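Engineer: Predicted model, plus sequence, below.
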Amino acid sequence: MTTPSPACSTGPTPPPPPCGSGPDARARAGSPRRLLSDAQFNDVRATILDNNPGMEPEMAGRILIEGLKFVSAAALFPTVRIAPTREVDEGWHALILHTHLYASLCSGLGRTVHHYPERPDASRHDPDVLTRTVALIEQAGYTPDAELWAGPEHSPVAVVASCSHTPVPGGCGPINPGNCATHGGGDGE
């Protein structure tokens, strides 16, 4: 694993350039679907379907693809506070349940993207976090599925994911909240 450039480790605003190996990590992005084999994709999609009876397979596939985009962006931009929607979180949860696959995915992305859930609380909702997350997914080279990133008021499908990840300065639980957690993996990595 290469050492991130200073711009990646300081967390300036606007978002730092992507961390990763090679001169332009975005060039390796391509389709998030390429991150999993067909068998792996079908297994994880089946987990989403099993957890959400009545969901259409096409929707489960879209949720999984957005989960892959989210994990990729989180790995590329480890110092930026980001969070998935509940729909995308469902895809992330399904990936995590396939532990060996998830460990291999994160290894290929250059870092482990840890999950720090907290109970949903509308008072902690930060609409800017979704804007920031979508922008980083785009910067990572992907096109977000706008319907799945619309936020809690515009959910296109019911999912069982019941945790949220809303960055609150100094809070614990969400992705990279203050100094108590990081999605970079390990001790400040």
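Structural biologist: Thanks, I have it.
Engineer: Excluding chain neighbours, give the residue nearest to residue 115 in space.
Structural biologist: If the residues on either side of it in the chain are set aside, residue 115 comes closest to residue 96, at 5.9 Å by CB to CB, 6 or more residues apart in numbering. Yep, even glycine has a C-beta here, placed from its N, CA and C like the rest.
Engineer: same thing with residue 140?
Structural biologist: residue 73 (4.6 Å).
Engineer: Now name the helix or strand holding that neighbour.
Structural biologist: helix 57-76 (DSSP states H and E).
Engineer: Mind listing what's buried along that helix?
Structural biologist: Across helix 57-76, burial judged by 16 or more other CB atoms under 10 Å covers 59-76.
Engineer: which strands and helices sit next to that helix?
Structural biologist: helix 38-51, helix 86-97, helix 99-109, helix 127-139 (3 or more CB pairs under 8 Å, 6 or more residues apart in numbering; DSSP states H and E).
Engineer: What is the neighbour count of residue 79?
Structural biologist: Using other CB atoms under 10 Å, residue 79 has 19 other residues around it.
Engineer: Pretty sure it sits in a strand.
Structural biologist: No. With DSSP: H, G, I helix; E, B strand; the rest coil as the criterion, residue 79 is coil rather than part of a strand.
Engineer: quick one: it and residue 110, what's the gap?
Structural biologist: 14 Å (CB to CB, to the nearest Å).
Engineer: same question, residue 67
Structural biologist: Taken as CB to CB, the span from residue 67 to residue 110 is 18 Å.
Engineer: still on that earlier bit, around the residue nearest to residue 115, how many other residues sit close by?
Structural biologist: If we define neighbours as other CB under 10 Å, then residue 96 has 20 of them.
Engineer: you'd agree it is up against residue 116?
Structural biologist: No. Assessed by CB atoms under 8 Å, residue 96 is found out of contact with residue 116, at 11.8 Å.
Engineer: residues in contact with residue 92?
Structural biologist: Taking CB atoms under 8 Å, 6 or more residues apart in numbering, we find residue 92 in contact with 67, 70, 71, 84, 115.
Engineer: From residue 123, how far out is it?
Structural biologist: According to CB to CB, residue 92 and residue 123 sit 23 Å apart.
Engineer: Same question for residue 88.
Structural biologist: Distance from residue 88 to residue 123, by CB to CB: 21 Å.
Engineer: now do residue 71
Structural biologist: 27 Å.
Engineer: Same question for residue 55.
Structural biologist: Applying CB to CB to residue 55 and residue 123 gives a distance of 29 Å.
Engineer: Looking at the two, which one has more neighbours?
Structural biologist: Set side by side, residue 55 and residue 123 show more neighbours around residue 55, with 19 against 6, by other CB under 10 Å.
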